[in-house]
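Peer 1: A predicted structure for the sequence below; I have some questions about it.
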Protein chains: 4
Amino acid sequence: MPSTAVKPAFVEHVEMTGHIIDSLLLPKVLDAVLSRGGRYHIQQLDLGQRQDNPSVARIEIHADSAKQLESILAEIHPHGAVPIHPTDCTVASADVAGAYPDGFYCTTNFRTQVRLASDWVDVEDQEMDCGVLVDPDGLAARCVPMTSVKIGDRIVIGRRGTRVFPIEAEVRKGNLFEFMASPVSSERPKAVGVREIAGAMKRTRAAGEKILAVIGPAVVHTGGAECVAWLIRSGYLHVLFAGNALATHDMEQAFYGTSLGVSLEHGSPTDEGHEHHLRTINTIRRIGGIRQAVDRGILKSGIMYECITHDVPFVLCGSIRDDGPLPEVITDSLVAQTEMRAHIPGTGFCLMAATTLHSIAVGNLLPAWVKVACVDINPATVSKLMDRGSTQTVGIVSDAEPFLRALVLELQKE
Amino acid sequence: MPSTAVKPAFVEHVEMTGHIIDSLLLPKVLDAVLSRGGRYHIQQLDLGQRQDNPSVARIEIHADSAKQLESILAEIHPHGAVPIHPTDCTVASADVAGAYPDGFYCTTNFRTQVRLASDWVDVEDQEMDCGVLVDPDGLAARCVPMTSVKIGDRIVIGRRGTRVFPIEAEVRKGNLFEFMASPVSSERPKAVGVREIAGAMKRTRAAGEKILAVIGPAVVHTGGAECVAWLIRSGYLHVLFAGNALATHDMEQAFYGTSLGVSLEHGSPTDEGHEHHLRTINTIRRIGGIRQAVDRGILKSGIMYECITHDVPFVLCGSIRDDGPLPEVITDSLVAQTEMRAHIPGTGFCLMAATTLHSIAVGNLLPAWVKVACVDINPATVSKLMDRGSTQTVGIVSDAEPFLRALVLELQKE
Amino acid sequence: MPSTAVKPAFVEHVEMTGHIIDSLLLPKVLDAVLSRGGRYHIQQLDLGQRQDNPSVARIEIHADSAKQLESILAEIHPHGAVPIHPTDCTVASADVAGAYPDGFYCTTNFRTQVRLASDWVDVEDQEMDCGVLVDPDGLAARCVPMTSVKIGDRIVIGRRGTRVFPIEAEVRKGNLFEFMASPVSSERPKAVGVREIAGAMKRTRAAGEKILAVIGPAVVHTGGAECVAWLIRSGYLHVLFAGNALATHDMEQAFYGTSLGVSLEHGSPTDEGHEHHLRTINTIRRIGGIRQAVDRGILKSGIMYECITHDVPFVLCGSIRDDGPLPEVITDSLVAQTEMRAHIPGTGFCLMAATTLHSIAVGNLLPAWVKVACVDINPATVSKLMDRGSTQTVGIVSDAEPFLRALVLELQKE
Amino acid sequence: MPSTAVKPAFVEHVEMTGHIIDSLLLPKVLDAVLSRGGRYHIQQLDLGQRQDNPSVARIEIHADSAKQLESILAEIHPHGAVPIHPTDCTVASADVAGAYPDGFYCTTNFRTQVRLASDWVDVEDQEMDCGVLVDPDGLAARCVPMTSVKIGDRIVIGRRGTRVFPIEAEVRKGNLFEFMASPVSSERPKAVGVREIAGAMKRTRAAGEKILAVIGPAVVHTGGAECVAWLIRSGYLHVLFAGNALATHDMEQAFYGTSLGVSLEHGSPTDEGHEHHLRTINTIRRIGGIRQAVDRGILKSGIMYECITHDVPFVLCGSIRDDGPLPEVITDSLVAQTEMRAHIPGTGFCLMAATTLHSIAVGNLLPAWVKVACVDINPATVSKLMDRGSTQTVGIVSDAEPFLRALVLELQKE
């Protein structure tokens, strides 16, 4: 019967589990199907009728073409919608060094599993914007940056046999929607943010996890270096990521009492002050490094001094705006990324203050379950971080020095 | 048996209808119940299994006290959750002039109905942060500002017998979540925003609705006055709300070629330029007003000139930072609000540019179904407008003059 | 004889006295002459060869037309360049109520004198953007706002017989140029600014002068109300200028513990919180006013409470974005300006925090010798204030609550 | 006679020449002397009595100690105040590789001369924050970055025998002081800035000098890539400095029509759009580079395409926030700086748009006589650039795409 042309059916059945309504995951998936031109049929919805029961949904998705169906599945996959009949993941051998095979699976920062030999196994070293490397024995997998790929590496292709576990939006007092409606504003009660961050730092330390700080030179310019030094001395800061400028201005303060030539005591530029940062770098280069400056009694205070004397590791990443730089600065950005990655395991909390470049760089490296607090006087910095996928970030629009001072006072309470 | 102390039950049954999952209304309600310490039981959920079917949910809500239950109901009411067994609304007589009775119902900017004589009737003059005045015959109701209340006015009390119709989040391509995740950013394709606003203005005009413009003096400072003048001449602007500064600098440009003393031709301050705005105001006050200046051939170009010659009504609202002011400026803020309210009916689209004070003031007066585009170079202005409940706003972080220039070019395209 | 066409000479001789080189006044005048197309000849320059000697300069100014000469003289007049052969000022009778006669002299906020009966007399009530009213007896003069002019008032015309005393830029350690090169930046040592403002407040109080505070609602939103309350209780705040929102949110906090519905304890929106500000206003309106609320024991804490109990006068100025407003709010902007003017005499220091509208309004009213500190998290607010002529302003880009907290701690020292 | 204790005299005589009053150089010097605690005596001041005559000043400077005198001389040296009795510059041999000898002379970005064998010779490769390397033959000198110093290099020590030529502030209509009073504001007439930049670009091209562009990814995000492509095609852009992100998003647009996943046609995120930038990088890495992508017909439009086809050299500098990166990206910041330095000679104009990191990096490398226009929607970026010494910068606070569109239209005129 030629006249009854049957529209070809491009159909997939997916399943979702968890607090999929409260956490907005189901609405997001339905929205994604419609907005890509597909249609859905909810075949089954076992609603957690009380809020402590997880829900299960089975959804039939219809599309007009294979391409459209694929596009829908790609979109809903990060929201935890998994095809009902799973298969092992597909793997291809890397044919070019430093690049993934075509069609590579692109990671998020959410917990991810791949199906290997009929088992779902966790992907290790979770990080966004990577590929997934399957071990030669085919029983384990981990995220691998593009430049680390070697010819012959077995890389996951497509989404088949992969699943992600999006972080369910927390359901607690007033948090969810108001926060989304206005992610960043300076007009919020500041003491609350300080108290919550202090609490997170105490809990992290009590749990034996590391606190990572990522800070920019404005912390020193505004007079906050001593607060950071206190955090180090008091065991509230276990790894420091920063740049040449932070370390230079911190030591400039130790040597000259200025930061970029401005007196931190008087607020006014000082004699030849604009040269201080360059002389600081030159002094350290002549000696051989920051540790040598501490060992020889030349550097006696500040953030870098405390890092050295309290064995807090630091990674100083180079940038094209650096003067000098200091001997410890890693001038190659790929080497710097690798060095930062090495310090991330074990991190429970990350405090970012007054730096856009480093905040976004570190946000790219952290898995979604590491809590982040980003403090900046510019709302755009916080927005940008959250835009790029680091949704676990709590943003505080405030001034670096007063914020740090309040944080120290809060941590000193009992 | 005394030991089986039955916990007292504070229970209410509510119903929701519409695209309550796609539009996030159901998740919001469930979240609100939990976050206020209540518990819910979804008794019935008839899901629109295809996206064109509305859904119906019946939810049983449990609380530990009458106060808690009331608090939950207050919170979910604006999301469209209505008690299943409705009664007429409660009304009390105003006992103090210029104030509502205690316990008054506080409006949102969403469409609202009250139940009068067993019928649901629309509340007229919808506006947020008002009370609801019931007509003496008990068959109609409208929003009434606090200062307009007279002794004896019948004002709605509590939420019983009231219901609101929240605007369901639009389900279209990619709009919903990305927008919420980052409401305001300067890093967006600007031509798209211009095209959409131009389209909305064309549709509004074609539908015979009014376009309202709310603009600040930076429109003139940046050189955009001629663009606004074109909008008036071309029938794309039907009502203008502004302040003393906008009108003054516009006429300063017509008289002297400067805005706040800065030459719009050369970008540099001119002789005695800082006095121009004051001399402009003085000139107009000596003549008697803006219309007189046009009639006598003194004012020959600019925004205000076009308003006069094209019979576009304007409301100039005073503020404490005004010099002068111009004779047309309404210096009493309550009178100014009343005058603005008189122009709102029939408005289909509102363009706000480069003004925080006036944008928020007008946002407070507009019902939620009037679309708003807010253009400002400062992301905080747009955020603030959306924070305060004007969620129908599309925010564009851009520069006033180039935006208006691009808008004019877009409107000039067939 | 005909060949030696003499170019008509439009010449004036002016004199300048003081630290005219250190303070940049002489360079500014020379620049102004050139940039308006004139030429100068320095006839005499008695340089203070040591820095404690004032200098005297006599400059001959040439122009190509009477108009050009007038334009140059107008430009250099506010820099203290006075024609050598003074005459009494010219006066005209106001012919229109609420407007100056044509050609009126337009004031700055610098100390100004007019020559009356061959004597230089100080202009009283110095304020920018006003006219100068000469007393009927012709022996005194004062600034008069445009709207206060009555028919027959004797108003100064032109610049003849007037002179201004610009504030010489302070010559102290590193202050002058660096400050001008970058008036506003968040990257400054914050403790220094706090210390200097605290010092200025202590000195002002010790001198028996008044401290005026101009604050916006973000002070309450960020949790800073208690700091302001402390300033009042401790005698560091003698007059308060604010708006309906500041007073409302302050009392909302006293009544409900929230500010615009956000809990200041928990940082999260509360039940029906968005209604709190309206219910607060309604409550005060029902009682009759803020003082009544204190008297009846309803209002027991916060900024307004402290104002009432410590007899600190406040002026609440209305705006078109107000809800309500509170009974004490002055809704007419001209009346509000008049009321603010009444409180300015005797003011030695003005602290502005977190408000653009009120800061600029008050900046317009203050004479240039009242020191101003403007604290705002948005650099544009501070820039705008300084752009408009309030050059005595020290701008601090910081967050309201932490700034106020640090200020209180600094004032509590000793 | 013990009672007449003669205070030891620490005295130096300095000379200044040029438009030292108009350009503020003399006032700056006097201010610096006082603010460092010194005293001055103006021994001679031959004032250019007409504005076309340069002035000459001889100033005797007194200090209380050798250290103080040295500090004063250091401070006034960059303002062109040179000791009257010059000597050859002092030189020391570098004793450590990659560092200057102690007491090294620290450069500014102004034109500088050193005195070698009794002759003043220009320092080549002028750049701020460097040392000065004297050629082995002792007849020439050039700026040398710290890391390039080799053991035995002859480096200038102290300020003796050096002099700088600060750029005299331009004396033209209204430019000087207003600009300084408010370096950056969005409330300026935008068409003027566009016209001036277009004029500078035309003059630069006509003079046979190079136009250097430094641009950030927001240029692509906002839709401005085609404007930049037009500049390249039309011969208005001769060197491009950018980062991995700009090149990636430009090619993402060419490949997918998106920028960071956002459709430049529709303004909305697209299917799997967040993966596009990573797939773009992977594609280019697989092919081997951008040129290969053009050669093989894969890359057919956009900024990078135009660079390749019009032989416009580009330098892509790496940063720690990069994904990938692209094969052309120079990941080592020292190598990237060296590569940028190689392109600077011959540059007459530099346009910076929408990038903080790269703008400041390039500002550090440019001599003060290369004019710079910096366009950014964030006033802080422009302020920061000017704070760091790049005072030749004209800052425009505006939006990247509309600015570029207006610039192209302006260049197309005539």
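Peer 2: Good, I have the coordinates.

Peer 1: for the record, mean pLDDT for whichever strand or helix holds residue A:307?
Peer 2: With secondary structure defined by DSSP states H and E, residue A:307 is part of helix A:303-309. Average pLDDT, helix A:303-309: 98.

Peer 1: list the buried residues for it?
Peer 2: Residues of helix A:303-309 classed as buried under the neighbour-count rule (16 or more other CB atoms under 10 Å in any protein chain shown) are A:303, A:304, A:305, A:306, A:307, A:308. Glycine gets a C-beta too; all of them are placed from N, C-alpha and C.

Peer 1: for it, C-alpha coordinates in CSV please.
Peer 2: Extracted C-alpha coordinates of helix A:303-309, given in CSV (Å, rounded to 0.1, in the frame of the first residue of the first chain):
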residue,chain,number,x,y,z
ILE,A,303,52.5,33.9,52.3
MET,A,304,55.5,32.3,50.6
TYR,A,305,57.5,32.3,53.8
GLU,A,306,54.8,30.5,55.6
CYS,A,307,54.4,28.0,52.7
ILE,A,308,58.1,27.2,53.0
THR,A,309,58.3,26.9,56.7
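
Peer 1: and the helices in the stretch 251-400 of chain A?
Peer 2: A:273-287, A:290-295, A:303-309, A:333-343, A:357-365, A:379-387, A:400-412 (DSSP state H, counting those that start in this stretch).

Peer 1: right, and residue A:123 touches residue A:113 too?
Peer 2: Yes: in this structure, residue A:123 is within contact of residue A:113 by CB atoms under 8 Å, at 6.5 Å.

Peer 1: these two: which has the busier surroundings?
Peer 2: residue A:123 (23 against 18; other CB atoms under 10 Å in any protein chain shown).

Peer 1: re earlier: the helices of the stretch 251-400 of chain A: which one's closest to chain B?
Peer 2: Checking the helices of the stretch 251-400 of chain A against chain B by CB to the nearest CB gives helix A:379-387 as the closest, at 4.8 Å.

Peer 1: please see if the closest one touches chain D.
Peer 2: Yes: counting by CB under 8 Å from any CB of the partner chain, chain D has neighbours in helix A:379-387: residue A:380.

Peer 1: and stretch A:334-344, by the same measure?
Peer 2: Yes: counting by CB under 8 Å from any CB, chain D is contacted by stretch A:334-344 at A:334, A:336, A:337, A:340.

Peer 1: up against chain C, what does the stretch 201-350 of chain A have?
Peer 2: A:217-218, A:221-223, A:259, A:262-270.

Peer 1: can you pick the most crowded of the residues you listed?
Peer 2: Ranked by neighbour count (other CB under 10 Å), those have residue A:222 at the top, with 31 neighbours.

Peer 1: show the contacting residues for that residue.
Peer 2: Residue A:222 is in contact with A:354, A:399, A:400, A:401, C:186, C:187, C:188, C:189, C:190, counting by CB atoms under 8 Å, 6 or more residues apart in numbering or on different chains.

Peer 1: quick check on it: phi, psi?
Peer 2: Torsion angles at residue A:222 (phi, psi; degrees, to the nearest 10) stand at phi -80, psi -10.

Peer 1: mind checking the longest helix of chain A?
Peer 2: When chain A is parsed with DSSP state H, its longest helix is helix A:190-206.
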